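>>> Sequence and computational prediction follow.
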Amino acid sequence: MGKFFAVVLTIIALVSAVPIVRHTWWMPPDISTHGHAIDEQLTDTMAEAGFSFLAAQLLLAFFVWKFSERKDSGPIKSLPGGAKGLVIAALILVGTEMLALGVLGQKAWASVYFTPASPNALHVQAQAGQFAFYFRYPGADGKFGGLHPDKIDEGNQNYFGLDPANEVEARDDIVTGELAIPANREVLLLMHSKDVGHSFYVPELRMQQDFVPGLDLSVHFTATKVGRYEIVCTQLCGLGHYNMKAYLNVMAQDDFEKWLKQKASEQ
Amino acid sequence: MQEASAPQAQQGHHGPPEGFIRKYVFSLDHKVIGKQYYALALVAVFIGMILSWLMRYHLIYPNGKIFGLEFLSKVGAPGGVMTPEYYLSLMTMHGTLMVFFVLTNAPFAAFGNYFLPIQIGAEDMAFPRFNMMSFWVTFVAFLVLMTAFFIPDGPPISGWTAYAPLSAVGPDAGPGQGWGQNLWGISIALFCVGSLLGSLNFIATTLDLRAKGMTLMRMPLSTWAWFITACISLLAFAVLLPACLLLVLDRMAGTSFFIPAGLVVSDRLQAHAGGSPLLWQHLFWFFGHPEVYIAILPAMGIVSHILVNSIRRPLLSAKVIIYSMMSIGFLSYMVWGHHMFVSGMNPFSSLMFSFPTLTITIPATVMTLIWLGSLYGARIRFTSASLFALGFISMFVSGGVSGFFLAQPSIDIYLHATYFVVGHFHMVMGVAAIFAVFAGTYFWFPKMTGRMMSEGLGKVHFWITFVGTYCIFMPFHYLGLAGNVRRYSSFVDDFLLPLMPVHRFITIAALITGAAQFIFLYNLIYSRFRGKVAPVNPWEATSLEWTIPSPPPWNNFGDRHPIVYHDPHQYGVKGSLGDYVMQDSPEKIENES
């Protein structure tokens, strides 16, 4: 029984490692400027976690194989070093490992959250609501009109509750269902929720941030590769949560300006 | 260490039970109450497992007909086809049942109630009436929760985490968010009361009712785990209780603890102002993180207890296990924000929470190394119980290493709310902790019923479950790395479609592994009535529960007051009459530490 356990466990441990080593199912290529730090952190952690996983499982398998009940009744051996050795080893090795991960990892976090957006970032506002994302560009005047929840009228496509009749700034705001941005230009995404909690997640962008009702949150990022990427909601928001998505359209600068002009004319 | 005086205060605490109701229903006997908790957990786990089958089936066949589902809910599954909202309802009930009614009940309330008093040499718990109340309040909580299945609007859809404002604004937020969510809030509030009463009992009993010679350091590791768990449970449930009450007030009394102004839900401007959704998250996770340690600590204690017996030698250091469990309990209160890294909380707080989260790896690793190191030079006996105990170690490692990733906010930006998280907590809670419950069942069944379970069936159960749970939950991590978002009722996004073959594999593994659990259920029920008669000490174990008849009399030790001379780790002892010495044996042991 012990030998069988050891063999089965060894097979399970090795087979589990294969898709990780071969990246069979893996993160999509990173299209952001901050993402490489996250990817590096993940790879480093995978090496440590992978080593710990394999070492522990294979050690368990080996000991179970070797120390199954035997007929002889010789003296009980003990692990050299005893508990003291293990505790000290754990404190030093694991402690250093965790400290390293923590200290190194905070740089990637800081690059996303502790650095302010650059002054010439493109400001786009995102609104999440059951079950769609809408985006707003400030238009030629560079200013956003006010938001009035009591004026929200989805039937007339007034998703943000704008009041262009009474507010000059709102008249040239551009509202769209997709988030188009120019490549290689920083974007400041201003986020608010219309109703319940939602979240903004683009795996390729290595960006995820909750929308919290009542809070004005923001994230900033720069996308480097032209293409169309899915934005999906990752905060359970109701029955349509699985289907709540939009597209991030990263374009060349000229194409973006053409697109924006086109959208402005459609408002 | 100060010895507890003999529990004379408890003599005649309550006389032998008379009449059917007192013996089997409203019993003051901790053993009956333990079995009642176990039965409740058993019912809950089978319901929870069937819910998971329904969920897994729907994920691979979103438009598939499930025979009979329309009888459970005409609105939720018209023609047997599950709606997206009903998927979320089933998911919410699955999580709620499993975390509260299975993982808090089985390893802690069930086995703890049954064996803590016996393992310390006491006649019963310190407060038998509180004990009886704690079970029946928990039972009523279960009934209240289950009622949500049978109301027209169905169970809530906000997940076991019930984030506000989705859970707080009422029926505008969606189906199930009317009375379903109210029933959830009331049920969990009642559950908190039951848990608080139970925890008080465990603490008072452990501190005051130990037999002569039973110093704290001579208590079995399972008792230590139950004691530490009760301590953290007291503070954790004390926070969840008011949180649930505030939620119910927001929903039914027009308050706005968790709801800010200006929300437009289902085209209706909500008449609330001033509340904070993040407040709910802080209150919930301040409970929620210790809760998962409430689930795993008793499991660690039970596994340690069974492992020592199965390897026929002491652990490298029982004291280190005890101090590690205490550190985990203490640190568990400092890490709750790791559930909220991208929640909109101050990002500096996220960093501050990540350091203690990473630190908790240290005592967890120490315990794993002690278990592994103790195997060196051992003589392992393979029984169903010991197989599940060894399996626990493997599962705990697997579930634990994914924590390295999730503890770091920068990596969590990518992995938050993906199947990576779902894989992590299922491996530690849904597999490892359940393995400990299985191990405890196979180990203690003879003592509780006077009969042995079938070892043959037990081993079949183990092998299918061990391989099967790896097949189910290891792929969750791969899905998460690919960005597969969780809590989706079906996968319609472009980037998720290539992952469907993995989901199909998981569903098949889940159905097969789930079916194997009926082998366990059959074994349990058959052996209860027709199992081989059990001796007093079938496993040649040292702790006090093995000194009394199987099953024990109403007052455990009869007219005896046990006197304890040793710790429970005297296995492989040179010069003893067998290879083990029982805790109450006056036999002297050379070089006893």
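Ah, there it is. Not measured: the values here are computed from a predicted model.
>>> Quick check: the residue of the stretch 101-250 of chain A nearest chain B.
Per CB to the nearest CB, A:Gly214 is where the stretch 101-250 of chain A lies closest to chain B, at 2.7 Å. Using the backbone N, CA and C atoms, a C-beta is placed for each residue, glycine as well.
>>> ok but that residue is inside a helix, no?
No: going by DSSP: H, G, I helix; E, B strand; the rest coil, the assignment for A:Gly214 is coil, not a helix.
>>> Count the neighbours of the closest residue to it other than its chain neighbours for me.
Excluding its sequence neighbours, the residue lying closest to A:Gly214 (CB to CB, 6 or more residues apart in numbering or on different chains) is B:Pro260, at 2.7 Å. Residues contacting B:Pro260 under the criterion other CB atoms under 10 Å in any protein chain shown number 20.
>>> Which phi and psi values does B:Pro260 adopt?
Main-chain dihedrals, B:Pro260, degrees, to the nearest 10: phi -80, psi 180.
>>> which residues does it contact?
Contacts for B:Pro260 (CB atoms under 8 Å, 6 or more residues apart in numbering or on different chains) come out as A:Pro213, A:Gly214, A:Leu215, B:Pro165, B:His272, B:Ala273, B:Gly274, B:Gly275, B:Ser276, B:Pro277.
>>> Around the fifth one, count how many other residues there are.
With neighbours defined by other CB under 10 Å, the count for B:His272 comes to 22.
>>> can you check the third one too?
Residues within reach of A:Leu215, counting by other CB under 10 Å, total 17.
>>> What of A:Gln127?
By other CB under 10 Å, the residues close to A:Gln127 number 23.
>>> does it count as helix, strand or coil?
Quick answer, by three-state DSSP: A:Gln127 is strand.
>>> Over to the residue nearest to it when sequence neighbours are not counted: give its phi and psi.
Spatially, and ignoring its direct neighbours in sequence, A:Gln127 is nearest to A:Tyr134 (4.9 Å; CB to CB, 6+ apart). When read as degrees, to the nearest 10, the backbone of A:Tyr134 gives phi -130, psi 150.
>>> residues in contact with A:Tyr134?
Contacts of A:Tyr134 (CB under 8 Å, 6+ apart): A:Ala126, A:Gln127, A:Tyr159, A:Phe160, A:Val175, A:Thr176, A:Gly177.
>>> Farthest pair within the residues you listed?
A:Phe160 and A:Gly177 (12.2 Å; CB to CB).
>>> Settle it for me: which of these two has more neighbours?
Higher neighbour count among A:Phe160 and A:Gly177: A:Phe160, with 25 against 12, using other CB under 10 Å.
>>> I'd like the distance between that one and B:Ala173.
21 Å (CB to CB, to the nearest Å).
>>> same check, this time on B:Thr513
35 Å.
>>> contacting residues around residue 171?
The chain I'm using is chain A. Applying CB under 8 Å, 6+ apart, the residues near A:Arg171 are A:Gly139, A:Gly145, A:Pro164.
>>> that answer is for a different chain, and I need it for chain B
Neighbours of B:Pro171 in contact, by CB under 8 Å, 6+ apart: B:Asp153, B:Gln177, B:Gly178.
>>> Disregarding residues adjacent in the polypeptide, which is nearest to B:Ala516?
Spatially, and ignoring its direct neighbours in sequence, B:Ala516 is nearest to B:Ile464 (3.9 Å; CB to CB, 6+ apart).
>>> A:Phe5: neighbour count?
By the criterion of other CB under 10 Å, A:Phe5 has 23 neighbours.
>>> Could you do B:Val308 as well?
Neighbours around B:Val308, by other CB under 10 Å: 28.
>>> SS state for it?
Under three-state DSSP, B:Val308 comes out as helix.
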